[in-house]
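Chemist: Have a look; sequence and predicted model below, questions after that.
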Amino acid sequence: MSQVEPQFDVQQLPGREVLRQKIEARIRHLERASGNGLWSMVLFLLVSYFAFDGFAILPDLSDDARRMLGAPPPGEMISLALVVYAFSSIVRTLARMSRNIKPYTGLMHAAFFTAFYTFYQLSGVLQDNFWAVFFAGISVMGLDNYYLWSHSNEAVRKERALLESMRRGGENIQ
Amino acid sequence: MLSSINSRAIVPVACAVTGFVIACCVLLYTFVKDDLIKGEIQHAADLSDTIIKSTRYAMLHDDRESLSNIINSIGEQNLVEHVRIFNKKGLIMFSPDSQEVSQFIDKSAAGCTECHAGPEPKRSLGTMAKARQFTNNAGSDVLAITAPFYNEPECFNAACHFHDPEQSLLGTLDIGVSQDPLKRTLGQIQNRMIMFSAMVLVLTVGAVCSLLYRQVFLPIKQLADFTEDSSGDTLSDEFPEVSGEVARLANAFQKMTRRVRELEGQLQKKEREAIPPDSLP
């Protein structure tokens, strides 16, 4: 019985190239997504830098603007909201980690913590509560970014393994 | 850095817990500080009320000597930094510091602006708005309260007096108490909270780390050592004392190894049978 050399369809090769390009695009997308978390952290640190001296860089609010905004919320209420927000964010990230759900990649946390700085500033108690917002922000965003980074790294590793197996398959064909 | 399962599991949780506990401690300290300061203000306000009531009789009788003695005695108290009574124009009438007497109060200074900020001065303020905190010339932190002497029917109906009934305010008492005891208490609370938080963090993170290490990482490490043994001698041995999922994994690995060895043996046997005996050397 003569052994027949396997015949490969030449039409498969462009398909493989398309697949390879798709995988490479997915890798780039994952690497970009991993970097988004860092941007959010950088934004938060930048806002914290300005909040440290009570947003001295910004002009004071005029009396008309203050009247339009109304009375600021009491410091106790802002602190309560901060604790609830930080606690629920950490629990939500831990739940996402345990269920392996896709991590959050937006700037929502940075926006919320900036809002906390702003409310404390308007209530006149930012100096007393600055470090509370800072450490809450660092812990929430640090955990979120860690999960985003590890999740993206794992996905990139899988995609690279797929790419490698495709490459080996291509060498065998040739 | 985060390549081992230990660090990947422990570091993020430890950092998140540490950050959250620090944030909560800062907020708790702020709450405690606010409560203590409010208590101190209330205490100073009660003290000023007591002084106003104590001086009422002397004022009704226009007894300036008694009034001066009362103010001097109060000023000798340890924690009283200053005490003065000034009239509606801001002229200091009574004070233990003789250099202050007959001087005018600066209406733009802290403590005056709460009432005198607008074109028309306010008639009354809440307890918290009457208080102000500042550092005096001696470098001591002071909590001061201003309390008004209102014009009452007994004042303008008295035979010896000349106050106009239309005049609502006769004068103001200004008393400042030292905040040093409050600062000492806050410092002690701060140190105790730092120690308590550090102990809670060490215990929490330490307990989680040691439990994870004992129950998860150590068995996994033993399993990894067991399976990575290049000679394969240990594969037939019993796996070190572990229980649960790791033991199941070890047993499944051992079964698979035995099965592979059996198949290898069968394959070698078939190869030997397939070779004709005369071809053997």
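Modeler: Arrived safely.

Chemist: show me what contacts residue 85?
Modeler: Went with chain A since none was named. A:112, A:116, A:136 (C-beta atoms under 8 Å, 6 or more residues apart in numbering or on different chains). The C-beta positions use only the backbone N, C-alpha and C, and glycine is treated the same way.

Chemist: let's do chain B instead
Modeler: When contacts are counted by C-beta under 8 Å, 6+ apart, B:Ile85 is found next to B:55, B:67, B:71, B:92-95, B:149, B:171-174.

Chemist: swap the cut-off to 6 Å and go again
Modeler: Going by C-beta atoms under 6 Å, 6 or more residues apart in numbering or on different chains, B:Ile85 touches B:93-94, B:171, B:173.

Chemist: Of all these, the one with the weakest confidence?
Modeler: Among those, B:Gly171 has the lowest pLDDT, at 84.

Chemist: tally of neighbours for B:Arg56?
Modeler: Number of residues near B:Arg56 (other C-beta atoms under 10 Å in any protein chain shown) recorded here: 14.

Chemist: what's the helix or strand for it?
Modeler: Using DSSP states H and E, B:Arg56 sits in helix B:5-60.

Chemist: Could you tell me how many residues sit around the closest residue to A:His151 other than its chain neighbours?
Modeler: Excluding its sequence neighbours, the residue lying closest to A:His151 (C-beta to C-beta, 6 or more residues apart in numbering or on different chains) is A:Pro103, at 5.1 Å. Using other C-beta under 10 Å, A:Pro103 is surrounded by 20 other residues.

Chemist: does A:Pro103 sit in a helix, a strand or a coil?
Modeler: Assigned by DSSP: H, G, I helix; E, B strand; the rest coil, the conformation of A:Pro103 is coil.

Chemist: residue contacts, it?
Modeler: A:147-148, A:151.

Chemist: So which residues on chain A come close to chain B?
Modeler: A:79, A:86, A:90, A:128-129, A:131-132, A:135-136, A:138-139, A:142-143, A:146 (C-beta under 6 Å from any C-beta of the partner chain).

Chemist: Name the residues that touch stretch A:18-35?
Modeler: So stretch A:18-35 is contacted by A:105, A:149, A:152, A:155-156, A:159, A:162-163 (C-beta under 6 Å, 6+ apart).

Chemist: picking up where we left off before, for chain B, state which of the residues of chain A next to chain B is nearest.
Modeler: Minimum distance to chain B across those is 2.5 Å, recorded for A:Ser139 (C-beta to the nearest C-beta).

Chemist: show me what contacts the closest residue to the closest one other than its chain neighbours?
Modeler: Excluding its sequence neighbours, the residue lying closest to A:Ser139 (C-beta to C-beta, 6+ apart) is B:Gly19, at 2.5 Å. With contact set as C-beta under 6 Å, 6+ apart, B:Gly19 has these partners: A:135, A:138-139.

Chemist: Let me have the residues you listed in CSV, extended by secondary structure.
Modeler: Compiled in CSV, these are given as follows (three-state DSSP):
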residue, secondary structure
A:Phe135, helix
A:Ile138, helix
A:Ser139, helix
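
Chemist: Most neighbours of all these, which one?
Modeler: A:Ser139 (24 neighbours).

Chemist: That residue and B:Glu264, how far apart?
Modeler: 54 Å (C-beta to C-beta, to the nearest Å).

Chemist: Ok, B:Glu245 next?
Modeler: In terms of C-beta to C-beta, B:Glu245 sits 28 Å off from B:Glu264.

Chemist: for A:Leu107, same thing?
Modeler: A:Leu107 is 58 Å from B:Glu264, by C-beta to C-beta.

Chemist: between those two, which one's more packed in?
Modeler: A:Leu107 (15 against 10).
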